[in-house]
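Enquirer: okay, predicted coordinates and the sequence, questions at the end:
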Amino acid sequence: MPDFAIPEQVRPEDGHVGRRLPRIEDRALLRGEGGFVDDVPAKKGTLHVAFVRSPHAHAEIVSIDAGAALALPGVFAVVTGADMAAETDPMIVGFENPIDYYGLAVGKVRYVGEPVVAVAAADRYRAEDAADLIEVTYDVLHAVVDPVAACAPDAPKLHPRSDSNCVSKRHFVHGDPDTAFAEAERTTELTIRYPRNSITPMETYAVVAEANRETGGFDVLSNFQGPFSVHTVMALALRIRTAALRHRSPKNSGGSFGSKLTIFPYIVVLCVLARKARRPVKWIEDRLEHLSASSVAPNRVTKVEAAYTPDGTVTGLRLTHWDDHGAYLRAPMPAPIYRMHGVSTNGYFIRHLEVTNHIVSTNKCPTGAVRGFGGPQLYFAVERTMQRIAVLTGQDPLDVIRRNLISAEQFPYKAIAGSLLDSGDYRRTVEETVEQGDLAALKRRRDAARAEGRLYGIGYAACVEPSQSNMGYISTLKTGLERERAGPKDGAVASVTVSVDALGSVNVIGDSVPQGQGHQTALAQIVADRLGLTPDDVVVSLDTDTAKDGWSIAAGNYSCRFAPASASAAHQAATRVREKMARIAAANLNVPADEVEFTDGKIHAANNPDNAIPFYRIGGLAHWSPSSLPDDVEPGLRETAMWNAPELTPTTAKDEINTSLAYGFGFDFCGVEVEPATGSVTVDKYVSAHDCGTILNPGLAEGQIRGSWASAFGATFLEEFRYEDDGTFRSGTFAEYLVPTAAELPDIRLVHPTPHPSPYTRLGAKGIAEGNQYTTPVCIANAVADALGVEDIELPLKPAKVLEWVQAEEPPPSAAVAPEGAAGEPAGPTVEGSGEMQVPAPPERVWSMLLDPERMARIVPGCERLEAAGENGFAGAVVLGAGPVRGRFEARIDLTDLEKPHRARLAGTADGPLGSSRGEGAFELIAQGGGTLVRYRYSVELTGKVAAVGGRMVRGAARQLIDRFLRALVREAGGDADPGTSGGLSARLKRLVGGRA
Amino acid sequence: MKRLDRSGRHPVRIVLNGMPEEGFAEPRMLLTDFLRHEVGATGTHVACEHGVCGACTVRIDGKAVRACLVLAVQADGAEIETIEGLAEADGSFGPLQQAFHENFALQCGFCTPGFLMSLSEYLEKNPDPTVEEIKVALSGNLCRCTGYHEIINASLDAARALRERRGQTG
């Protein structure tokens, strides 16, 4: 009973495009026969790679000692930042900037999780053993994590070649915003903080690299997704010819949502490591590595100013962005903010615009592509502003949206910042959505809820959905003069090759690097239609090989480019094959080539279907008998289309840029209810509509919308990479970085509005995969603003945060209500505890035990060695673990304020591959009977891996450690702390320790 | 419990989808690594290795289990079922696979083996689940592509097909 919202758009006789053809990809995937990187058999002798990563947000690297690791059997090579600096060049980005980036930290670490050393060993287990033995010492520096604070003159500086963490600032004026604001009857201002998130694909980064002595370059297999312009970046960094960097991607990739673009620095590191190890090397990223150090969307602070009339018509817009790119810029960053530049005014008729972009470095994971690519941040600001203007003018927000939308007769519409909006009827889409989604009923539900005193709100959001990025838009961040020097950049070339063999079998290859979107199926539909065949007659292979395929710099899977670009390229290549076959057939059928048609595996005269020749016969002629072909027809049948659209022009002298080729339109509305006691927000109804022109396969398109809804729901309610003010990373597992599951994701009502095909793509198709990233976060935020009457809405909508807004609006309740979310919220990375216990020995003996390194070595859990260090100090090595992570720490403890045998204070540090901790504490020994009552308290700050995997686990582990330490102390003092034999003491111990720690 | 030498490689014998398989594992080797790289059964995928995402779910002696939380040596002697064993004897799709195919219930397919194996156990325990029950049953499996809607529809379809099949045979 399959249940779909998007109808098929073709009649059966029309062909296969538009039909809900079940996916070809499923045949392998559902049998467990997919081909992901880690499924591809590695050569015998392939080594596995593990990384030593920074536990600090900002620190000088004092020393790296890999001696012990290299001495381990099965360990072949290590590469450090110093090696990278010697053997490679910094990886370039699209503009002159003060950041030198090598893939491994050189001299300094700048975020928690930053790779410091790569080590190659016989297998993954040995590689991780080796990584644990590499000793790195650091000199910790102050960190900065807030993008606005990072721009202050006294902020800690990340990069020595820059005098500011604001590494690029550009100011754009389109129209006459000064006059618009000076003459405005009303203005409003709003500051938005958009959080840091990603979509965290299920398959992590995966790379296999091998040095190729024949070419002097490297052979690489990875799940890199493009854009292939980055291939150049890698080759330049490796100081090799681009042709000598052979990159292959396998047929399957386990999702990406943009993130697998920034795998490329790891490819460069692995190439250097492979050369050094003289073996192929393989790395499969683990989840902690992915969450802490792969790629995220930039978080952004935006100050919006709007000029408007009393009826809510927006006459001017000023956007000041602080875009937080973390520690480094990696190509094509800082692209997201520039990808959206042309549509800064969304789908609205606003002719005066001012934009200021600050590109900022902070001590956080560097950014990369994430589905939505700058859109969620921009539209959150613009659509929140539309809702504010509605409130300020006393109107329904939908009326403000309607009033400002571009009207149908204005298409194609040149937006003031340069985007050429190709087609659409935005107002009609809105009206169809309102009608089919039954907004009237939702309003009645809201009114009924409000009548009962419930907190219910309705939100709206509209968005222009750009697809197929212009490769030239990133140049907008250069000045006109710099652009002139660099030469023009524009276009977005897509490549598909169609070939027909001697038995008429059809092969298709392409550069779209799919990650689950069903490209094989859609391309088979398109090519089958052009050649009068069925999709089953067409074999589509979308694994890529830069040494053999047709590709250009824009190749890859990003910016929703498949439907506009790859589909057009397939159509063009198949059309060329068709034209060639028509000419060969025409000679056989004795009709002109333009009167030849292709139907059901036959090529025939248009006006006489019986005058026909089988498709395969023409394939046979083209290969077996070049002499029988018409004079000017080359033998063989293989056509590669390199498709581009002339509308993708370079940035103008006035900084106008048509950032994308095809622009869809999305409109959503929703009803939400806020639970006043807990702050939890329930989505009561969510309606979503997308006009993406021609739909190639409704099953695939619907999957993209629903998938985007799921990740946007995550961004709205759950997902955030959290950092403490000191740069400590807090979201290292799927238990900390929460993503939606089937249980909490509400269903949506999909409306399929009248499509407006793009005039600029060959099939009229536009991208559809990113729409809900744009609309959903702000649509729900607008509904919450409507429910609570608040202005500042910050994502994600965690109950504790929403509760503060509820309480800000309401008088405090008569009885104190404990914020539920606050209690459930993981506490900071500080582990604190206190307790007391009885030890069956007098204070003098306990005191001497505590100060005796030999005895302490027996008592401290996991202690490998411990020796006296200085006066009243210990130094040693301990193996400790928390949950799934376990490792060796170099520890140092100093005792101060000693009052023998009564009390002392202690302070200590522990550093290891799992992270660093700084702690302090105190104990007191009180004589009681013949024994001693030990009172203690401790407080430990954690950074690095241990902090990233979460406070809950760390606190539990700390309690266990203290418990084990105390039992050992009792045992050492001659008591019995075995729970099996002495219920009394151990139960008390447990109660004391477990209850208070 | 048998104590194993930590640095030794120990024989591990399993029955995988009805076929005996044998390999060697250090005590610390995860079952996922054993299945994928020792036996070569790469249909089971690894996505979080901390027991949250469910992608590596297999059935061990009938129970749906996260293979990333099991050591290979613990599985010695067990019967293990994976996605590779879900097809019919003639190689055509089994009911779960067919339902996922018809409903567009997968995109990248990386999480799919885990969903299929979780459902394969669940639909035996609850042959006629409601939508809400399916949502709860699948709450331990993460999918980042689909939004679950199609997976839930596929689960309902698969449950129906399995009921019909049982009706025919029983």
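Expert: In hand now; what should we look at?

Enquirer: for the one helix or strand A:Val382 maps to, enumerate the helices and strands it packs against.
Expert: Element membership of A:Val382 [criterion: DSSP states H and E] is helix A:375-393. Under the contact criterion of 3 or more CB pairs under 8 Å, 6 or more residues apart in numbering or on different chains; DSSP states H and E, helix A:375-393 touches strand A:186-194, strand A:299-308, strand A:314-324, helix A:335-339, helix A:397-404, strand A:455-469, helix A:771-788. (C-beta placed from N, C-alpha, C; glycine too.)

Enquirer: can we see that at 7 Å?
Expert: Judged by 3 or more CB pairs under 7 Å, 6 or more residues apart in numbering or on different chains; DSSP states H and E, the packing partners of helix A:375-393 are strand A:186-194, strand A:299-308, helix A:397-404, strand A:455-469, helix A:771-788.

Enquirer: so A:Tyr737 is in which element?
Expert: Applying DSSP H and E, one finds A:Tyr737 in no helix or strand.

Enquirer: can you get me a residue count around it?
Expert: By other CB atoms under 10 Å in any protein chain shown, 25 other residues sit near A:Tyr737.

Enquirer: so it makes contact with A:Ser292?
Expert: No. Assessed by CB atoms under 7 Å, A:Tyr737 is found out of contact with A:Ser292, at 9.6 Å.

Enquirer: can you put the helices and strands packed on helix A:375-393 in a markdown table and add mean neighbour count and distance to A:Tyr138?
Expert: Converted to a markdown table, these look like this (neighbours: other CB atoms under 10 Å in any protein chain shown; distance: least, CB to CB, whole Å):
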| stretch | mean neighbour count | distance to A:Tyr138 |
| --- | --- | --- |
| strand A:186-194 | 17 | 30 |
| strand A:299-308 | 22 | 26 |
| helix A:397-404 | 21 | 51 |
| strand A:455-469 | 28 | 39 |
| helix A:771-788 | 28 | 37 |
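
Enquirer: compare these and give me the one nearest chain B.
Expert: helix A:771-788 (9.1 Å; CB to the nearest CB).

Enquirer: would you agree B:Glu102 is in contact with A:Pro2?
Expert: Yes. Counting by CB under 7 Å, B:Glu102 does reach A:Pro2; the two are 5.4 Å apart.

Enquirer: which one of those two has more residues nearby?
Expert: The neighbour count for B:Glu102 versus A:Pro2, taken as other CB under 10 Å, is higher for B:Glu102 (20 against 15).

Enquirer: which helix or strand contains A:Gln520?
Expert: Assigned by DSSP H and E, A:Gln520 falls in helix A:519-531.

Enquirer: what packs against whichever helix or strand comes after that helix?
Expert: Next helix or strand after helix A:519-531 toward the C-terminus (DSSP H and E): strand A:538-541. For strand A:538-541, the packing partners by 3+ CB pairs under 7 Å, 6+ apart come out as strand A:506-510, helix A:519-531.

Enquirer: okay, the ones you listed in TSV with mean pLDDT next?
Expert: Listed next are the helices and strands packed on strand A:538-541 as TSV, based on pLDDT from 0 to 100:
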stretch	mean pLDDT
strand A:506-510	98
helix A:519-531	98
